[in-house]
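S.K.: Pasting the sequence and the predicted coordinates here, then a few questions.
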Amino acid sequence: QVQLVESGGGLVQAGDSLRLSCAASGRTFSAYVMGWFRQAPGKEREFVAAISWRDDSTYHADSVKGRFTISRDNAKNTVTLQMNSLKPEDTAIYYCALKTNPRRPSWLVSSYDDWGQGTQVTVST
């Protein structure tokens, strides 16, 4: 069992920055990829970014490339999402997730085994 706890969400203005963190505990040795997803009201959960737990590979959705950066600290079992130049359309609940199967696509919601409770990010105009 893995526990994931997100933090760092909040209310900001367009153009501001936020830094989300995800603290992992439990059977983290089973992790292959850690990902960030988001879900806006009335919309499906969508992929934001992912990072390999084993090497330096990262993946970012086209909608956040150049603005968001995912990183990890294996020693602290944390994954961070640095969000810059935030836009109102970035408003959503952001979830941290863990994937143990390397063969499943990292952009796919159903590929992930464990999820955090989410943290709200609201970007005002």
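M.R.: Arrived safely.
S.K.: Distance of residue 38 relative to residue 30?
M.R.: Residue 38 is 24 Å from residue 30, where distance means Cβ to Cβ, to the nearest Å. To be clear about C-beta, it is placed using only N, CA and C from the backbone, and glycine gets the same treatment.
S.K.: Kindly report the same for residue 11.
M.R.: Plainly put, residue 11 is 35 Å away from residue 30 if you go by Cβ to Cβ.
S.K.: For these two, indicate the residue with more neighbours.
M.R.: residue 30 (15 against 12; other Cβ atoms under 10 Å).
S.K.: give me every residue that touches the more buried one.
M.R.: 2, 98, 100 (Cβ atoms under 8 Å, 6 or more residues apart in numbering).
S.K.: For the residue nearest the centre of the chain, give me its contacts.
M.R.: In the chain, the residue lying closest to the centroid (Cα atoms, centre = their mean) is residue 36, at 1.8 Å. Counting by Cβ under 8 Å, 6+ apart, residue 36 makes contact with 20, 22, 48-50, 70, 79, 81, 94-97.
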